[in-house]
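*Asks:* how would this look folded up:
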Amino acid sequence: MIQNTSTYYVWIGGSCDYGHKERAGGAAVVIEHNGNIISRDVISDLHTTEFRMMLTLMIKVMQEIPEGSDILFLTNAAYIQNFDKTPTAKSANRTSSESKDASSLAISAESRGRKVRANPDLIIQCIEEKKRHNSVGVKIVQYHKSPLLIETHDRATEAMAKTRKEFHQKNNRLSVSSEIVASVSMPPCAQEGEDGTENSSHLSR
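*Replies:* Model prediction:
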């Protein structure tokens, strides 16, 4: 691909582990400008999708790139091509929890023969940030022929896995702490000796 030296080329990929209860999602970017990689970024969160993470990161990128720039997002995720399409009144009233699974919403909307946009809150923010720039577009590229795109997916997956791991580690620590507190709080008279009889040594103190 021949690049324009004045354009910011933003490779963006996402990942989501739909098989886990807490469903972590992540997104990453590699930004090229004037033939050089100028920055990398990655975000992740729980109870979300890769599409929400990608839109969130697009907003962040548009906020950080100098005003009046030309920006081209490069991805294999066709979903974000509609990042600047105004949501319908129906979709705009959806809550975040109702619009978490963009894939199922798209299928459902298509089957009903009408457009229902997921993530309207983020799309509205994208539309506003786009106004700051000369041009912002999305180009679909082939995943296996795009090393930088592969990198974004790998980084998004790593961030997603780390977020999920830290979530479980925190929960395990809280669980252990609760067990310790419960054990310490147990009245001395209720403690038993190794032979199963009540240990009354504490009572004589």
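*Asks:* Pass me the low-pLDDT residue ranges in the protein, would you?
*Replies:* Low-confidence segments of the chain, defined by pLDDT under 70: 89-117, 173-205.
*Asks:* And the helices in it?
*Replies:* With DSSP state H, the ranges of helices along the chain come out as 50-64, 89-92, 102-112, 120-130, 147-184.
*Asks:* Show me which positions of the first one end up buried.
*Replies:* Read it as helix 50-64. Going by neighbour count (16 or more other CB atoms under 10 Å), the buried part of helix 50-64 is 50-59, 61-62. All C-beta atoms are positioned from the backbone trio N, CA, C, and that covers glycine.
*Asks:* With stretch 41-51 instead?
*Replies:* Residues of stretch 41-51 classed as buried: 41-45, 48-51 (neighbour count, 16+ other CB under 10 Å).
*Asks:* Report the separation between the two terminal residues of that stretch.
*Replies:* With CA to CA, to the nearest Å as the measure, the ends of stretch 41-51 fall 16 Å from one another.
*Asks:* which one is residue 57 nearest to, not counting chain neighbours?
*Replies:* Excluding the flanking residues, the one nearest residue 57 by CB to CB, 6 or more residues apart in numbering is residue 27, at 4.5 Å.
*Asks:* Quick check: that neighbour vs residue 86, distance?
*Replies:* Going from residue 27 to residue 86 by CB to CB, to the nearest Å gives 23 Å.
*Asks:* how close does residue 58 get to residue 20?
*Replies:* 25 Å.
*Asks:* no no, residue 59
*Replies:* For residue 59 relative to residue 20 (CB to CB), the value is 25 Å.
*Asks:* And for residue 41?
*Replies:* Noted for residue 41: a distance of 24 Å to residue 20, by CB to CB.
*Asks:* And for residue 46?
*Replies:* Applying CB to CB, the value for residue 46 to residue 20 is 9 Å.
*Asks:* Which residues are in contact with the closest residue to residue 142 other than its chain neighbours?
*Replies:* The shortest distance from residue 142 to any residue other than its chain neighbours is 7.0 Å, reached at residue 76 (CB to CB, 6+ apart). Shown here is residue 76, whose contacts under the criterion CB atoms under 8 Å, 6 or more residues apart in numbering are 13, 140-143, 146, 149.
*Asks:* Make CSV out of these and add neighbour count and distance to residue 122.
*Replies:* CSV is the format used below for the contacts of residue 76 (neighbours: other CB atoms under 10 Å; distance: CB to CB, whole Å):
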residue, neighbour count, distance to residue 122
13, 30, 17
140, 13, 20
141, 13, 22
142, 8, 26
143, 13, 23
146, 18, 24
149, 22, 21
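*Asks:* okay, those residues in JSON lines with distance to residue 130 next?
*Replies:* Conversion of those to JSON lines gives the following (distance: CB to CB, whole Å):
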{"residue": "13", "distance to residue 130": "20"}
{"residue": "140", "distance to residue 130": "18"}
{"residue": "141", "distance to residue 130": "20"}
{"residue": "142", "distance to residue 130": "25"}
{"residue": "143", "distance to residue 130": "25"}
{"residue": "146", "distance to residue 130": "23"}
{"residue": "149", "distance to residue 130": "22"}
